[in-house]
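[1] quick one: sequence plus predicted model below, questions after.
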Amino acid sequence: MDYLDYVKIDQGTKSTSRFSNGNTLPLTQLPFGMVSFAPQTDGSRDSWFYHPDDRCIEGIRLTHQPSPWIGDYGALLMTPQSGTPCRTFRTIWSGYDPKKTVLSPSHIQVHFIRSNATFALTPTERGASCKITYFDHRMAFLSILPIEGNMEFTLDMDNNRLLGHTDHVRKTAKNFTMYFILQFDSGDIDAINTVISEGKEAYAHIAFKNEAITLKMATSYISYEQALLNLERESMGHSFMDTFNEAQGKWENCLSRIEVRTKIKEEMYTFYSCLYRVFLYPHKCYEYDINNEPMHYCPHDGAIRKGVRYTDTGFWDAYRTEFPLLSIIARKEYAEMLEGFVNDYRDGSWLPRWIAMDEVGCMPSTLIDAVICDAAVKNLVSKEVLSDALLGMLKHANETAPEKRYGRTGVSDYIRSGYVPYDNENESVNLTLDAAYGDFCIATVARILGREDLVKTYTERSYNYKNLFDKETGFMRAKDREGNFRKDFNKYRWGLDYTEGSAWQNSFAVPHDIDGLAKLYGGKEELIGKLTELFNCPPLYYTEGYGREIHEMTEMAAADFGQCAISNQPSFHLPYMFAYLGNQHMTDYWVQRICKEAFTSHTDGFPGDEDNGTMSAWYIFSMLGFYPLCPGKPEYVKGRMQVIYARINGRKWNSRKYGTMISHSVFE
């Protein structure tokens, strides 16, 4: 079975800032590779630089963008041109035919009609191999253009290379530079007609003597010397087809870790397109020195440090499904990722929250706690790494960070009152519930490490969610410093006290103690009744908390599964709570409906932001018939298996033979 034949990398790309069908990019890269490549059809749209309905193309973009809401860094544009080269998005664009364009995980091929040139690319870990063919009598150029930031170039004719670097980065990464080298064949470059500019918006137009050009590219966050070393290791001595075959092989290896057959062929495309997205993020952010030892650029101080590093993921999203799926099908990679995340703590004193080269901190809470805990209970992490991870968890659970992008927001209030007051922090309900879950994760990790002195304290803290439960309304509600509920409560109002949702989506975020939550309602049947009401409510939303409509509201209404906003992560677990509480039928009904009605392999294939593999992983779990209801517990709640055959890691899988809860041990 050729798994890549079922992957459509443009799944979910038909999105805008006001309505997301995925907010994805059609990325060509190696699994978890350091660099990605995608067509840029309109750079004037900033982060939404690709849209499948566009009939123009500006070039092939080297990108690291994990989300349009986060933006890009270390990006540049490569464009073949003929005749007189242009250099701005307004003037450089060319017509192209999407139907004749190849977009796959291992290969891009685009024909630029204006320059009558075909550009083909296949990725390496930190670069690419490219072929450009010009079918034209005019002078042939390859233009290297900036996206943002400063660029500089040096043409090394003695070695047939273009050297360049860019400082394009968001936030506060110290002394960030991405170095790159383009290696051409001898005799290809026409130095006389090559144009290299200087200054803030520097660009390069490399002129060629020949009509068929091959080039190899490598990048580094460390130095030109390291970029050259990366080039020599990953590309030199390899033909374009060698690199292409290697990329194909790596993708087939990853995709084959889950083998399924479905009744409907479209579901095969949807399944493997989603599985491809699971293997995109996080990105590797380390390189190997001359002795083949890993090292990485540290954004905290600009230093080069030993060890691995990973970036471009947000734990508020990814802890729910992405990492639990990797714990089954990418155990070795997950362990290395976790070591990289802990290296961020070792380097800069704080565990990451949302990293895109540097800490972005765009979402609340420290849900990396769940990623660490899940790895710990599944025996994926060494004691040394776990011990340092626990130190980082304890720090953000007890200390106020110098900047809001680090640590737990409202931590001092939480310790003092057992909740975060709304008159001190927005999104106080989510901050409280996430902190309680984080405390459960700390207690679990402490127990594994034999730190019994910590277990009791953090287990007790993990029940702090109860402090915000309002029995009268059946919702988690915000309190002020004196312990009074906010008076003007509205269960449909988004924002204010809640994150990207209302009381409906956020009141059940107690994955570590659903039994305790049920007791607050009066029992399991009463909680089932509340969840049934949630799914049967109209998808209403009030915007006062944000002062405007945000796209997640629009998408919840469009998906129309009541107040289950499956378009966003806080609702992911809601259908599965029924099964845990003893009503398997309701879980099976809603999950099957959502899979069939909200997911396809098409450009509008997701019900909302895909978010670094998280929505894709939700679909994969749901099709296989089990779900990680509480990352940090080595178990899964059962769903209905919707594929007719499955093998996971080479072993036949059938969820039907298990009871309500499935132990992780069956995958080990």
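    The structure has been received and is ready for your questions. Source: prediction; values computed, not measured. Residues are numbered from 1 along each chain as shown.
[2] every contact and neighbour count from this point should use C-alpha atoms.
    Will do.
[3] which helix runs longest in the chain?
    The longest helix of the chain (DSSP state H) is helix 428-448.
[4] now do the buried residues in that one.
    428-446, 448 (16 or more other C-alpha atoms under 10 Å).
[5] any idea which element Trp494 lies in?
    Here Trp494 sits within strand 493-495, counting by DSSP states H and E.
[6] what does Ser129 give?
    With DSSP H and E as criterion, Ser129 is part of strand 127-134.
[7] strand partners (parallel or antiparallel) of that strand?
    Note on strand 127-134: by DSSP bridges, its sheet partners are strand 117-123 (antiparallel), strand 212-220 (antiparallel).
[8] so for it, what's the average pLDDT?
    What strand 127-134 shows for mean pLDDT is 98.
[9] show me where the stretch 1-150 of the chain has its helices.
    89-92 (DSSP state H, counting those that start in this stretch).
[10] do the stretch 501-650 of the chain as well
    503-506, 514-521, 524-536, 551-559, 574-580, 584-598, 614-624.
[11] now do stretch 494-513: distance to the chain's middle.
    22 Å (C-alpha atoms, centre = their mean, to the nearest Å).
[12] swap that for stretch 92-112, sorry
    Per C-alpha atoms, centre = their mean, the centroid offset for stretch 92-112 relative to its chain is 24 Å.
[13] what's that stretch in contact with?
    4, 7-10, 26-30, 38, 41, 52, 55-59, 80, 85-86, 113-115, 117-123, 244, 247-248, 251, 276 (C-alpha atoms under 8 Å, 6 or more residues apart in numbering).
[14] now a ChimeraX select for only the buried ones of these.
    Those of those that count as buried under 16+ other C-alpha under 10 Å are selected in ChimeraX with:
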select :4,7,8,9,10,26,27,28,29,30,38,41,52,56,57,58,59,80,85,86,113,114,115,117,118,119,120,121,122,123,244,247,248,251,276
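[15] could you list which of the contacts of stretch 92-112 belong to strands?
    38, 56-57, 59, 80, 117-123 (DSSP state E).
[16] how about CSV for these, with pLDDT and distance to Ala598 added?
    Formatted as CSV, the ones in strands among the contacts of stretch 92-112 follow (pLDDT from 0 to 100; distance: C-alpha to C-alpha, whole Å):
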residue, pLDDT, distance to Ala598
Ala38, 98, 25
Cys56, 97, 29
Ile57, 98, 29
Gly59, 98, 32
Pro80, 98, 39
Ala117, 97, 39
Thr118, 97, 36
Phe119, 98, 35
Ala120, 98, 33
Leu121, 98, 33
Thr122, 98, 32
Pro123, 98, 31
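[17] so Gly438 sits against Ala370, correct?
    Yes. Counting by C-alpha atoms under 8 Å, Gly438 does reach Ala370; the two are 6.8 Å apart.
[18] so what's the gap between stretch 467-478 and the chain middle?
    For stretch 467-478 - counting by C-alpha atoms, centre = their mean - the centre lies 32 Å from the chain centre.
[19] measure it end to end?
    10 Å (C-alpha to C-alpha, to the nearest Å).
[20] retrieve the pLDDT associated with the nearest residue to Asp54 once chain neighbours are set aside.
    Computed as C-alpha to C-alpha, 6 or more residues apart in numbering, the closest residue to Asp54 that is not its neighbour in sequence is Thr41, at 6.4 Å. Note on Thr41: pLDDT of 98.
[21] these two touch, right, Thr41 and Ile57?
    Yes. Between Thr41 and Ile57 there is a contact under C-alpha under 8 Å: 4.1 Å.
[22] between the helices of the stretch 501-650 of the chain, which one is closest to Asp136.
    Closest to Asp136 of these, according to C-alpha to C-alpha: helix 614-624, at 42.7 Å.
[23] so which elements touch the closest one?
    Contact partners of helix 614-624 among helices and strands, from 3 or more C-alpha pairs under 8 Å, 6 or more residues apart in numbering; DSSP states H and E: helix 265-278, helix 322-329, helix 584-598.
[24] any chance of the ones you listed in a markdown table, plus mean pLDDT?
    Putting those into a markdown table (pLDDT from 0 to 100) gives the following:
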| stretch | mean pLDDT |
| --- | --- |
| helix 265-278 | 98 |
| helix 322-329 | 98 |
| helix 584-598 | 98 |
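[25] any idea how far the helix or strand of the chain with the lowest mean pLDDT is from the middle of the chain?
    Among the helices and strands of the chain, helix 89-92 carries the lowest confidence by mean pLDDT, DSSP states H and E, at a mean of 91. Once both centres are worked out by C-alpha atoms, centre = their mean, helix 89-92 turns out to sit 30 Å from its chain's centre.
[26] check stretch 252-259 too.
    Per C-alpha atoms, centre = their mean, the centroid offset for stretch 252-259 relative to its chain is 20 Å.
[27] buried residues in it?
    252, 254-259.
[28] quick check, nearest of these to Phe535?
    Ile258 (31.2 Å).
[29] tell me the pLDDT at that closest one?
    98.
[30] next: Thr311.
    pLDDT, read off for Thr311, is 98.
[31] who does it form a beta bridge with?
    Residues in beta-bridge contact with Thr311 (DSSP bridges): His283.
[32] could you double-check that it lies in contact with Cys285?
    Yes. Under the criterion of C-alpha under 8 Å, Thr311 makes contact with Cys285 at 6.3 Å.
[33] neighbour count winner among those two?
    Neighbours were counted for Thr311 and for Cys285 using other C-alpha atoms under 10 Å; Thr311 has more, 26 against 23.
[34] for the residue nearest to Asp54, which residues are in contact?
    49-51, 54-59, 93.
[35] domain ranges for the chain, per the record?
    As given by automatic domain parsing, the domain ranges for the chain are 76-94+106-255, 258-667.
[36] so Cys362 touches Pro352, yeah?
    No. Counting by C-alpha under 8 Å, Cys362 stays clear of Pro352, with 11.2 Å between them.
[37] okay, the two: which has more neighbours?
    Comparing Cys362 with Pro352 by other C-alpha under 10 Å, the one with more neighbours is Pro352, at 28 against 16.
[38] confirm that the more buried one sits in a strand.
    No. Going by DSSP: H, G, I helix; E, B strand; the rest coil, the assignment for Pro352 is coil, not a strand.
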